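>>> model the structure of this input:
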Amino acid sequence: MLLIAVGGAWQTVSAQASVKDFPYLKKLAGTWKMNTRKGSVVEQWQQVNDSTWYGRTWRVAEGDSSLQQSISLVKQGDAIYFMPVYTGHETLVPVKLKVRVLKPIGFVAEDLKNDFPQKVTYRFSAPTVLEARVQGTRDGTIEEYIFKYNK
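Prediction:
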């Protein structure tokens with residue numbers, strides 16, 4: 001995991017995703033892996049039904065794995081939401097980032113009123129390469145985590 005502290009602000013995304021574009025998420029299906037110095041990070045995605053995708057992220061080191069987060073991508077009404085639940089940091093009110101852009105190359109979800117994450121970007125840079133960026137503010141500092149997964 002890579003942490004970058006950034007002093008500036010980023011622009012918000014103004015385009016709106018459409019629920020008719022939900023099938024673009026099919027590219028998420030399967031297991032994605034990123035090797036690190038201390039092991040690997042693995043993200044697995046599966047489609048639950050025509051309105052829900054479910055993902056889980058694990059950290060794997062020395063044969064041991066620990067669940068880091070569970071994620072739902074859900075169609076609700078005329079919107080799509082990215083909803084992560086971080087292991088050990090569960091909240092009474094779920095984190096719910098609205099998907100603002102959904103295209104064949106990926107999606108952007110954000111809720112700038114949330115502390116962390118405020119913005120999540122998933123981008124397919126190749127058929128077997130998925131880049132994920134997670135951004136937000138903690139203690140007045142903007143943080144960005146970058147994951148480059150391979151299938």
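
>>> report the central residue of this protein.
Val120 (5.2 Å; C-alpha atoms, centre = their mean).

>>> bridged to that one, which residues?
With DSSP bridges applied, Val120 shows beta-bridge pairing to Ala109, Val134.

>>> so what pLDDT did it get?
Looking at Val120, its pLDDT stands at 98.

>>> next: Glu90.
Confidence at Glu90, expressed as pLDDT, is 72.

>>> what number of residues lie near it?
Using other C-beta atoms under 10 Å, Glu90 has 9 other residues around it. In short, each C-beta sits where N, CA and C put it, glycine included.

>>> what about it, which SS state?
Secondary structure state of Glu90, per DSSP: H, G, I helix; E, B strand; the rest coil, is coil.

>>> so how far is Ala79 from it?
Separation of Glu90 from Ala79 (C-beta to C-beta, to the nearest Å) stands at 23 Å.

>>> and if you look at Arg100?
Using C-beta to C-beta, Arg100 is found at 10 Å from Ala79.
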